[in-house]
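**Q** give me a model of this one.
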Amino acid sequence: MFSFHELLTSPLFIASAVLGFIGAITILSGLWALVTLRPLRFLTRSLVGFVLLTLSGITGAVAVGVQGYRALTREEVAARLWVRPTAPQRFAATMRDPDGREQTFELAGDEIYVDAHILKWQPILNMLGLHTSYELSRIGGRYRTIGQERSEARTVHSLEAAKPVDLFDIRQRYTFLAPLVDAEYGSATFVPVTQPAELEVRVSTTGLMIRPVNLAPKS
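**A** Sure, this is the predicted structure:
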């Protein structure tokens, strides 16, 4: 979920603000050099100022883009699920994320399916505090047979939070960002739903998995 408070306290956002401030001061200094007829100083300061502003914009875009993603340093619980069959090849699934937000979905199929977007930053950026991060992307029902996948009702719901900048989409569209971040890697997992159960969606640097917690319906 996008958090304005987390954005303002993000080291990347603070770095962006500092770079922007210095860049703006440098450009104003260059303009003053132009007024005082010092063209060489005007060119050098303006160039430096525009470079700093560009870096500020890039850093700010990354700071905004990683909002909604969760840093991943070890295996952890990404969500908890309660599933309950309601009819043949139909079941209800309630998902609770680590923030306590719950959503309930009516799904069709034999299995519950969850996938995620995973951003893997290159080591040089790990030193700036950017680590592998993830965002659950979709939840849906899955049929065991290909024939039913093609012919029966499909139920897929988005889990992505709305965000001003989608780094996963940007990375997939612009390959020149490959030296900085890998967004080609995604992950999906699914398990059968045959009875009421409580499940954990867990995520690690190797991908997603769903594990049963118990076989009791949600209280």
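
**Q** pLDDT of the longest helix seen in the chain, averaged?
**A** Counting residues, the longest helix in the chain under DSSP state H turns out to be helix 39-65. For helix 39-65, mean pLDDT is 78.

**Q** tell me the SS of P98?
**A** Following DSSP: H, G, I helix; E, B strand; the rest coil, the label given to P98 is coil.

**Q** show me what contacts the spatially closest residue to it that is not a sequence neighbour?
**A** Of all residues beyond its chain neighbours, the one nearest P98 is V77 (6.9 Å), with distances taken as CB to CB, 6 or more residues apart in numbering. Backbone N, C-alpha and C define where each C-beta goes, glycine included. The contact partners of V77, by CB atoms under 8 Å, 6 or more residues apart in numbering, come to 98, 200-202.

**Q** out of the residues you listed, which is most surrounded?
**A** The most crowded member of the contacts of V77, judged by other CB atoms under 10 Å, is V201 (22 neighbours).

**Q** that one reaches T189, doesn't it?
**A** Yes: the criterion here is CB atoms under 8 Å, and V201 meets it with T189 at 7.3 Å.

**Q** need the residues touching each of the two.
**A** Joint contacts of V201 and T189 (CB under 8 Å, 6+ apart) are 114, 208-210.

**Q** out of those, which are inside strands?
**A** Cross-referencing the shared contacts of V201 and T189 against strands under DSSP state E gives 114, 208-210.

**Q** can you map out the helices along this structure?
**A** 4-9, 11-35, 39-65, 123-126, 146-151, 167-173.

**Q** report the separation between P192 and S29.
**A** According to CB to CB, to the nearest Å, P192 and S29 sit 67 Å apart.

**Q** make that I210, sorry
**A** As for I210, its distance to S29 is 58 Å (criterion: CB to CB).

**Q** against A17, how distant is G60?
**A** The gap separating G60 from A17 is 8 Å, by CB to CB.
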